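>>> heads up, no residue letters with this:
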């Protein structure tokens, strides 16, 4: 807590006749300041404090319209958590992306035991922390640009570290997806397109602006309190508002640290602040940050026809796993047949990729087709239609016999044969998750939860009709049906 007068006195040098009055007033104020300093300023237990190395300066707060305004220092950091701007010399260009990000940090003065708990946890696992930060490398430059364009706190660029560990294919059992872990309802509200061929929640170019827009909305709705907004991003704005109402009714503080929130949310904000603290001063924690140049790691290429991602990776001469990390938004392993698509390509491979793609006829861009089984279809009829063998269709879809059901989608290898490697690629194009069977689960309820078939669940896990609580099942949401 900062003890300071609420108002400052300005003196007009031309009004010398008021000098005596001003002198008396200033003397009284000086005496009052002395008495206040002797009394001291004591924080109640559990309140966040201002770090002693942070200079007292006017706080910078986001206005409801997204612009920045300067207001007097607050007497309670908990109710006005926006931090001061970094004191780094802004006249020199940043040494790397980490330094550029540090200059936007606004929460570094906040102290709380829960932040220390998260810092201790991260200190115990330096190798895992470094791996976590390295996974941010392809995306952090783009995200930082978007954060700067909206004049948001720099710490928000690190939020995917907490949400998904910067895993673009992250898929939670509750249905949250992507770097920013969007639930289906939130994605729909923000206009992220989703269909069989494309999931905007996994598209960093679509999901990042949507996430930042949503965070700015939460910030405005929750009285411009960033800690409340971050908590609401995790547990929902209704939950945070209800916690604030309960605290107000009980005449308790409504600062984030005092609210009765879900346990996950209690750790969520401190974890982000702890990671940002390490990024701000890694030497204080004996942690070496991975190299992060202040330059783009990927560029975009527009695609106007369906293109197989495995083929695209080969044309770009990029390892398939790396290519899929950059382009996780296409769950079928191919760009959409009815919509133009954007592929992310490493900057240094763009020219070679464009040249190789232009030299390949479009009818060879796609190695797979999808066929939805209709009433009266058979494997023989489908094979004849596409000019492939029945065995190739069986191999591509993991079928043992000739039985197929109406409404199912089958992958058809257009080259006529699906190699073992291609079949493996087809299976891996969907995000692979490990689901722990809970009491009351059945193959049907799990299949419905992840929008896959019971037959596929059985095939992926080599199980029969029955499963037991505690059993681990492998699921490929959006994988081959």
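That came through fine. Nothing here was measured: the structure is a model prediction, and the numbers come from that model.

>>> Spell out the secondary structure type for residue 243.
helix (DSSP: H, G, I helix; E, B strand; the rest coil).

>>> Count the neighbours of it for me.
A count of nearby residues for residue 243, using other Cβ atoms under 10 Å, gives 22. Where you see a C-beta, it was placed from the backbone N, CA and C, and this is true even at glycine.

>>> shouldn't it be in contact with residue 261?
Yes: with contact defined as Cβ atoms under 8 Å, residue 243 reaches residue 261; the gap is 5.5 Å.

>>> can you list the domains in the chain?
97-285, 298-364, 368-428, 433-475 (automatic domain parsing).

>>> Quick check: end-to-end length of the last one?
It stands for domain 433-475. Domain 433-475 has an end-to-end distance of 5 Å (criterion: Cα to Cα, to the nearest Å).

>>> what's the spacing between it and its chain's center?
In this view, domain 433-475 has its centroid 27 Å away from the chain centroid, taken as Cα atoms, centre = their mean, to the nearest Å.

>>> and it, average pLDDT?
Mean per-residue pLDDT for domain 433-475: 83.

>>> what residue is smack in the middle of the protein?
Nearest residue to the geometric centre of the chain (Cα atoms, centre = their mean): residue 180, 2.6 Å.

>>> In a strand, it, correct?
No: Residue 180 is assigned coil when assessed by three-state DSSP, not a strand.

>>> shouldn't it be in contact with residue 160?
Yes: Residue 180 lies in contact with residue 160 (Cβ under 8 Å); the separation is 6.2 Å.

>>> residues near residue 308, how many?
The tally of other residues near residue 308 (other Cβ under 10 Å) stands at 23.

>>> host element of the closest residue to residue 198 other than its chain neighbours?
In space, and not counting its chain neighbours, residue 198 is closest to residue 336: 5.2 Å by Cβ to Cβ, 6 or more residues apart in numbering. Using DSSP states H and E, residue 336 sits in no helix or strand.

>>> And residue 336, what's its pLDDT?
92.

>>> Look at residue 435 and tell me its secondary structure.
strand.

>>> bridging residues for it?
With DSSP bridges applied, residue 435 shows beta-bridge pairing to residue 473.

>>> where does the stretch 1-150 of the chain dip in pLDDT?
For the stretch 1-150 of the chain, the stretches with pLDDT under 70 are 1-91.

>>> I meant the stretch 151-300 of the chain, not that one.
Within the stretch 151-300 of the chain, not a single segment meets pLDDT under 70.

>>> Show me where it has its strands.
Ranges of strands within the stretch 151-300 of the chain are 298-303, based on DSSP state E, counting those that start in this stretch.

>>> next one: the stretch 351-481 of the chain
Under DSSP E, counting those that start in this stretch, the stretch 351-481 of the chain gives strands at 368-372, 409-413, 433-436, 472-475.

>>> from those, which stretch is densest packed?
Stretch with highest mean neighbour count among the strands of the stretch 351-481 of the chain: strand 409-413 (a mean of 21; mean count of other Cβ atoms under 10 Å).

>>> what pairs with that one, and is each one parallel or antiparallel?
strand 368-372 (antiparallel).

>>> partner residues bridging residue 343?
residue 301.

>>> I'd say it and residue 329 touch.
No: counting by Cβ under 8 Å, residue 329 is not a contact partner of residue 343; they are 9.7 Å apart.

>>> higher neighbour count, these two?
Using other Cβ under 10 Å, the more surrounded residue of residue 343 and residue 329 is residue 329, with 28 against 23.

>>> sorry, back to before: what about the closest residue in space to the residue nearest to the centre of the chain that isn't next to it in sequence, how many neighbours?
Spatial nearest neighbour of residue 180, chain neighbours left out: residue 211 (4.0 Å); criterion: Cβ to Cβ, 6+ apart. When neighbours are counted by other Cβ under 10 Å, residue 211 registers 27.
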